[in-house]
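Asker: pasting the sequence and the predicted model now:
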Amino acid sequence: MTPVLVAALVALIYFIWHNDKLYKEPQTAFKQEHWTPQQVRRTADEFAGSESSILKAKDLPPKAGRRYIVVGGTGFLGNCVVSALLRRGEEPENIRIIDLQAPTDPEHLAAGVEFSTVDITDRSALISAFTKPWRAATTNGDPLQGLTVFHCAAVIRYFERHSVFLPRSVATNMSGTRNVIEAAKAAAADILVYTSSGAVGLRTPSLLAFPWVSKRDKSCTQIIRDEGEAEGKGGVVWRYRLHRDFFSNYAETKFRAELLVRNADKANDGNLRTGIVRPGGIMFGPSNKDPVFRELLKHPVNPIWGANSVQNLLYVENCVLAHLLYEQRLLETQRGGKDVGGHAYIIVDSASTISFGDLTMAVNTLTDGAVTFFQLSPTLMYFLSHLVEGYELAYHYLPPLRWVLPRLQGDLIKLQPASHRSMLIHALYDDSLARLPVEKGGLGYKEKVSTLKGVCHTLKWLKSHSETGLTKER
């Protein structure tokens, strides 16, 4: 090896070491929880692990006696929305799920919840599904009071950032949302609550620092707020953001869809009221569709390179509660209450954040060491993510490669720079606006389940429903 190559290799190793060192320095910008194994075990002992739901009917807004269409109702969040509606007493025949996948939840199947297989990118099919006759005209003899639409469907390609891949997200997240709005109008819906993402507020961070820089760029620590919402200007604060201002295509398309939902507020001669819920941080919960812990439990050994990142999390039932609260506030608006229509609200478990390292500790603790983790260099993985992205771009721009090279699939395709832009930063999602009382422009939201309790309950539920055999009883 020539001296030049040796020098280059040494410089690269030092560059990686230096950036890893900066990444591991503790953040001091906002409040952070610290868990211990003993605390995790004590909390987990509160749960039996058999029932998926922590929230009971008394924890939810009261039964409204309306019709409900849940778009994406067999997905992770949508499935939980349907369960909450049933739990608080809404009649199954007044709930309609619209999704590509058929329901698999035994509770929904046993109750007889209506289901329509529809691709939301198909406008005419979607309108037909929205407007087809309902099985019941009354609830226990009382006339139904209107139609609420919860739009939870999305394509979550958070790992793509190049505009050439935008169509993969636009079709469902933007065109699909436009179709849902048109279908809601055609069905004379009077409330539409849209599930967006707190990620719309994430700025593109600068993850690498030169060797002579003593601390990470300030963009690596972000506080995401509902800018302009309190003043009724949420729709214009970010309206002129460019593609490069979003950390991924997913974030951009969700934001553009938000604008469609805002513009639909007071449509149909003022009869349709809309609202936006922005789940902040990673959402998780006791479900076979859980996007966080379910996959970890499938493998006895898992790599991790974002253990020092500190962020909020969101237990799925808290997110469902926020959706139902927003519906309740819009119903109050119809009766002359404070007008909160057309706004967007970030929702998280609490103002405290937690490190990803503490999450992996909880997994290791509650599996009695059956699931372990090993550390990789975050800087090295960020470098390698550009190779994954380069492969995907080459595959797109050079069709002959498709004859000889396989398409990236599974977890590998997710290891692109955009993923690291959201994972290797400290992020606080500020949901203080949603927590305000409605007379001050909020939703009156307060989480019912802490992140710690949510994580422990989720892990115990997944353990009790696990088919992997990795976990063992204490």
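Answerer: Happy to help now that I have it.
Asker: and the closest residue to Leu412 other than its chain neighbours, how far from Pro3?
Answerer: In this structure, Leu412 finds its nearest non-sequential neighbour in Val388, 6.7 Å apart by Cβ to Cβ, 6 or more residues apart in numbering. Heads up, the C-betas are built off the backbone N, CA and C, glycines and all. Using Cβ to Cβ, to the nearest Å, Val388 is found at 32 Å from Pro3.
Asker: between these two, which is the more surrounded one?
Answerer: The residue with more neighbours, out of Val388 and Pro3, is Val388; 18 against 7, by other Cβ atoms under 10 Å.
Asker: who's in contact with the more buried one?
Answerer: 408, 412-413, 415-416 (Cβ atoms under 8 Å, 6 or more residues apart in numbering).
Asker: then Val371?
Answerer: 296-297, 299-302, 363-364, 470-471.
Asker: kindly recompute the last result at 6 Å.
Answerer: Val363 (Cβ atoms under 6 Å, 6 or more residues apart in numbering).
Asker: quick one: low-confidence ranges for the stretch 151-300 of the chain?
Answerer: Within the stretch 151-300 of the chain, the stretches with pLDDT under 70 are 228-240.
Asker: right, I mislabeled it, should have said the stretch 351-474 of the chain
Answerer: In the stretch 351-474 of the chain, residues with pLDDT under 70: 467-474.
Asker: would you map the helices across it?
Answerer: 356-366, 378-397, 417-423, 432-435, 451-464 (DSSP state H, counting those that start in this stretch).
Asker: and of the ones you listed, who's closest to Asp59?
Answerer: Among the helices of the stretch 351-474 of the chain, the nearest to Asp59 by Cβ to Cβ is helix 451-464 (13.1 Å).
Asker: by contact count, what packs against the closest one?
Answerer: Helix 451-464 sits against helix 37-44, helix 293-296, with contacts defined as 3 or more Cβ pairs under 6 Å, 6 or more residues apart in numbering; DSSP states H and E.
Asker: output that helix as PDB, restricted to C-alpha atoms.
Answerer: C-alpha atoms of helix 451-464 as PDB (Å, rounded to 0.1, in the frame of the first residue of the first chain):
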ATOM      1  CA  THR A 451     -43.700   6.300  26.900                       C
ATOM      2  CA  LEU A 452     -42.300   4.000  29.500                       C
ATOM      3  CA  LYS A 453     -45.600   2.300  30.200                       C
ATOM      4  CA  GLY A 454     -46.300   2.100  26.400                       C
ATOM      5  CA  VAL A 455     -43.000   0.500  25.700                       C
ATOM      6  CA  CYS A 456     -43.300  -2.000  28.500                       C
ATOM      7  CA  HIS A 457     -46.900  -2.900  27.600                       C
ATOM      8  CA  THR A 458     -46.000  -3.200  23.900                       C
ATOM      9  CA  LEU A 459     -43.100  -5.500  24.600                       C
ATOM     10  CA  LYS A 460     -45.100  -7.700  27.000                       C
ATOM     11  CA  TRP A 461     -47.900  -8.000  24.400                       C
ATOM     12  CA  LEU A 462     -45.500  -8.800  21.600                       C
ATOM     13  CA  LYS A 463     -43.800 -11.400  23.800                       C
ATOM     14  CA  SER A 464     -47.100 -13.100  24.600                       C
END
